[in-house]
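J.: can you look at this prediction? I've put the sequence above it.
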Amino acid sequence: MLVSNSSPDASSRAAIRMLKEWLPGASEVEGSADLDISARSEQPQLRSAEIIEGSTLRARKVPDVTPGMVSGFGAFLDGAQRVRVIGRDVGVPLVLGTTSAAVRVRVDRRLITWALEPPRVEQKLYLPLRYLPSVAEALRASYGRKYAGNGTTEQVASHLLEAYSRQLQQFEVIDTSTADESGNFPSEHPAVLLERAIRTVDRQRDALEDALAEAWCASAAGPVFIDGGIGRSERVASSANAIGVIKSHFTLYVEGEALKTVVDLTRGERSSVFEVSSRSRNTVLSWYLRLRDPVGHDVFWGLVRIEMSQCDNPTERADEISRWVLAEKSPLALPDGRWDKMSYGIRDCEEFLRAIS
Amino acid sequence: MSEALGRVVATERRPNTPHEFHFWTAIDSPVGIGTIVRVDGTNPVDGQIPHIYGIIVEGFSYTDLQTPMHDVLGHDGLPTTAGYAATDRAEIRLYTAAVLRQMPEEPLQPVPMGQVFLAEEADVQVALRMDSYLRDGSNTGIPIGVYRAGGTEAVIYLDADFLLGPEAAHLNITGVSGLATKTSAVEWLLASMFKHFPEEKGSIAAVCFNVKGPDLCYLDQPGKIEKSDEALYEKLGVEPKPFESVEYFAPYTAKGLALNTFRNNEALLDNVTPLTWGLREVLQFAEVLLNRDDIDAKADALIDFIVQNVVDKEFSDPILSKKHMVQSFADLDAWFRDVLQGMERKDGESWRTHHVATIRKVRNRLSNISTRCAGLVTDSGAVSDLPFGSFEDRTVYVVDVANLEEDAQDLIFARIVSKLREHLERRDLGVKHLVVFVDELNKYAPGDGPDTYVRKMLLDIAERGRYLGLVLFSAQQFRSQVHRRVVGNSGTSLFGRMDPDELSTPGYSVLSPATRTRLATLEKGQLMIRHPHFTQPIFVRFPRPAVMQGREGSERYPQASDVSLEAAILRALRPLDPTITLPWVQEITALYTQDEVLRARNATLLARPDNVKAYFASQFRKIIPAQAAPRPMAGSIKSAPENDPYGF
């Protein structure tokens, strides 16, 4: 996932100009810039997981690691997002979000964009319509009569949004003030509304990545290196071609002695394979792998967690995939700050998405 | 239309301008320094989609690597493991192109963003403005070579009006020695000009001074042509064959027996004419042979007096012992001797305002000329010269001065060019346009050093020759060391492989570093061209000349070695009459001195009579062969009378 900062661009100016037609009182945010949302992730936590390779989690040397080992990955998949508060209407943040995702295929050792599914780039306005009555009223006045009496209120609202987006031409509007699973609406607190918008943008990016990952798995074009987990989509989670590599460790699937084992992994060592499952995600197999020597660095230096679909031979498969991931250590992903865990292919995806979005 | 090979890019730090733009291509794109490209704009200007033509002058390549250290770290400091990387870094090929032409030409705007295409043959014509002089009915194009890039092959034409005048003129070639690029280029270009110079523009000929080696000595002999060259000839519309009409001129050696040229092999002598001048021809250009100290005002006045009043005139004076008719250096020396003896008799210090010291000095200098230029200057006054007034169309006249002393070279050059100029001014040379090719311009027209007569002449041709139809094709190794007005007046410049030191001089600073690098590594047969119609230099390939190269010629036709007088006469006359034999020559010349025999030979060669034997024999004075005197009859000795006491 790419998070970037940049100066106000033409899109932001166009979006605020259009919004001001509907919200005359809205104020533009001077010098608006992309939000650094990397620090807004979930709280660190430890979770237990079922070990499926042996009875206890232990360190294993990845076998047959040689300088000339060949990576089996034929492609890399990553997504990116940019969130920018472009204005405010009486404290309500008006957010412009850009999400994108792409698959970069390796041909003759060079990465090119996957021709079968072009990269996806979406730029949308994330507005809490519940707290922007003038926008909602304008929508109803313009289009409400047409849909009156047809379908449910939700359907009418959906139609209205679609029509409204067409009017705005460039920007689809996403309502960020809908009720959550518990039926609760977000409060009017600007920070809450902004957090809602950011999470919505996150989901939009996840959706783009999942769509591309599913398309890749359907094409059976070979293993793809996915930046992040693969459990969101059932099709992806069950595909042998989808390999997820997670760089962040806010959630550690180990506790107690197992945690110590993972922290003590040395370069070229992996943990035993365990099973990751949750209510909201599909079950996948996972393990930790140390890519680089952590001596002199923090405990997560060069540590990644890898996800793959369930299989009958998890040991052999985990060893093979670990070798692939280790083979992707070079070239370095510098100057990216996460280069100790990031493969060059993923950096290439991010640079590509930065260029097109 | 071909596929786009690149896209124009511009950033605030590196913007495009009306004269330069940047674009990137795929890694394997077939472009390089010197490739011509076309940019198709996307937004119409005045209702017309702009097309911009440019030539690549610089190239950049880099990856997303931020510092070399990252690569070292990435491979654990082991270069051998670099090849194991699963992915090659993202890499860019970024080129800078100089604008050749914008269509439409007004308004002149910065190059817009757009797709970049490899220029096709038609594009090249437009880009180089060749379309203006390649029109049907007014085609003045002279093929100079073929531009090649990425599958495009386009003939590059020079505009005859800008190569041979009157719009611009002259051509200068620079390149390192040893690759034969300069000579080959001139040979090729002459062949192309003779073929393509428009008939309606009149006749054309060339005078080439062969100043070193045998390179220009076999222009009428076929050379080896490879298949690739044949294809070039066909593309350029020139037949790969040697020059049909070539005349050679060379002075004799100091001994006077053989011609002083690499082309004095008997098999090649049929179109070699001796070059000999007499007193009058030399005195006109005495300034060439006399240094500044020699030709002070007094000496100059005396020389002028001699030219005006003595040479070829019957001259008498009270102090002289006899009337003089000075027609040769020998006559002149006799005249000087008589003048000085007369002054001594009168015990006078001056004669006709000329001091005796001046007279002695001029005598010394002038008499010296026939020695310094032996073989060229004849004591007898016999003249054998270029056919001024009857030059023929599409003919090359080669004057071989390669083996001569510097003085003689200067004299030949100065006199021939002066005569050519005179005739062209009078429009009676025989041809309307004449190309004069001079190599080693570093020597003849240096940027520094004394202001010699030859340099002044070259400057004069460069600055005013085009109005007369006198065009200078010059060549040298170091353009930076040639007089600026000579190279500056050359409308067209060709560059072969260049010496890096030469390229570092200020004159080449207008070229990009990449272009300079390419110039330093040009292959034989490649040239960079600057021409008034081309806004940027263009690289072309030209075919190997279809004439025998100097080295091959000198091996196949070895230079004749010194021979006896009779053999030399035989060799000179047999091309005129194959029936002449050595015994015949020996019989005819047996009674005469070497000077007399050579004089007879020279006269015969000059006259080229129908009956060579008779003419040659008639040149000798009558000599009755010596006969043994009859032995006088011895008288009988009278016997003394016995009674004669005195014995009577």
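T.: Perfect, thanks for sending it. Model, not experiment: these values are computed from the prediction.
J.: assumed residue B:96 was part of a strand.
T.: Yes. Counting by DSSP: H, G, I helix; E, B strand; the rest coil, residue B:96 falls inside a strand.
J.: pLDDT score assigned to it?
T.: Looking at residue B:96, its pLDDT stands at 96.
J.: hmm, it is touching residue B:22, no?
T.: Yes. The criterion here is C-beta atoms under 8 Å, and residue B:96 meets it with residue B:22 at 5.4 Å. Every C-beta, even on glycine, is put in place using the N, C-alpha and C of the backbone.
J.: just say helix, strand or coil for residue A:97.
T.: For residue A:97, the secondary-structure state derived from three-state DSSP is strand.
J.: tell me the contacts of it?
T.: Residue A:97 makes contact with A:81-84, A:123-126, A:174, A:197, A:200-201, A:204 under the criterion C-beta atoms under 8 Å, 6 or more residues apart in numbering or on different chains.
J.: equivalent analysis for residue B:382, please.
T.: B:276, B:278, B:599, B:602-603, B:606.
J.: poorly predicted segments of the stretch 501-648 of chain B, please.
T.: Along the stretch 501-648 of chain B, segments meeting pLDDT under 70 span B:623-648.
J.: what does chain A give?
T.: Low-confidence segments of chain A (pLDDT under 70): A:1-8, A:31-33, A:36-42, A:138-170.
J.: turn the contacts of residue A:97 into TSV, including distance to residue B:244 and neighbour count.
T.: Shown next, in TSV, are these (distance: C-beta to C-beta, whole Å; neighbours: other C-beta atoms under 10 Å in any protein chain shown):
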residue	distance to residue B:244	neighbour count
A:81	78	26
A:82	76	26
A:83	82	23
A:84	79	23
A:123	75	18
A:124	80	20
A:125	82	24
A:126	85	27
A:174	85	22
A:197	88	26
A:200	87	20
A:201	83	26
A:204	81	22
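J.: please narrow the residues you listed to those residing in helices.
T.: A:197, A:200-201, A:204 (DSSP state H).
J.: all strands for the stretch 501-648 of chain B, in order.
T.: Assigned by DSSP state E, counting those that start in this stretch, the stretch 501-648 of chain B shows strands spanning B:526-530, B:538-541.
J.: residues contacting the nearest residue to residue B:230 once chain neighbours are set aside?
T.: Excluding the flanking residues, the one nearest residue B:230 by C-beta to C-beta, 6 or more residues apart in numbering or on different chains is residue B:240, at 6.0 Å. Residues in contact with residue B:240 (C-beta under 8 Å, 6+ apart) are B:225, B:229-230, B:233, B:543, B:546.
J.: quick one: which of those is most hemmed in?
T.: Among these, the one with the most neighbours (other C-beta atoms under 10 Å in any protein chain shown) is residue B:543, at 25 neighbours.
J.: that residue reaches residue B:237, doesn't it?
T.: No. With contact defined as C-beta under 8 Å, residue B:543 does not count as touching residue B:237 (11.5 Å).
J.: what bits of chain B have low per-residue confidence?
T.: If you take pLDDT under 70 as the line, chain B has these spans: B:1, B:180, B:291-295, B:381, B:623-648.
J.: can you list the residues of it near chain A?
T.: Neighbours of chain A within chain B, by C-beta under 8 Å from any C-beta of the partner chain: B:27, B:64-66, B:70-71, B:73-75, B:78, B:81, B:84-91.
J.: just the buried members of those?
T.: Among those, those buried by neighbour count (16 or more other C-beta atoms under 10 Å in any protein chain shown) are B:64-65, B:70-71, B:74-75, B:84-87, B:89-90.
J.: tell me the gap between stretch B:301-314 and the middle of its chain.
T.: The chain centre lies 34 Å from the centre of stretch B:301-314; the measure is C-alpha atoms, centre = their mean, to the nearest Å.
J.: please apply the same query to stretch B:370-384.
T.: Distance, stretch centre to chain centre, for stretch B:370-384: 24 Å (C-alpha atoms, centre = their mean).
J.: mind checking the end-to-end distance for that stretch?
T.: 16 Å (C-alpha to C-alpha, to the nearest Å).
J.: can you list the domain ranges for chain B.
T.: B:154-274+B:392-552, B:280-372, B:563-618 (automatic domain parsing).
J.: which of those sits most buried?
T.: Greatest average neighbour count among the domains of chain B goes to domain B:154-274+B:392-552 (a mean of 20), per mean count of other C-beta atoms under 10 Å in any protein chain shown.
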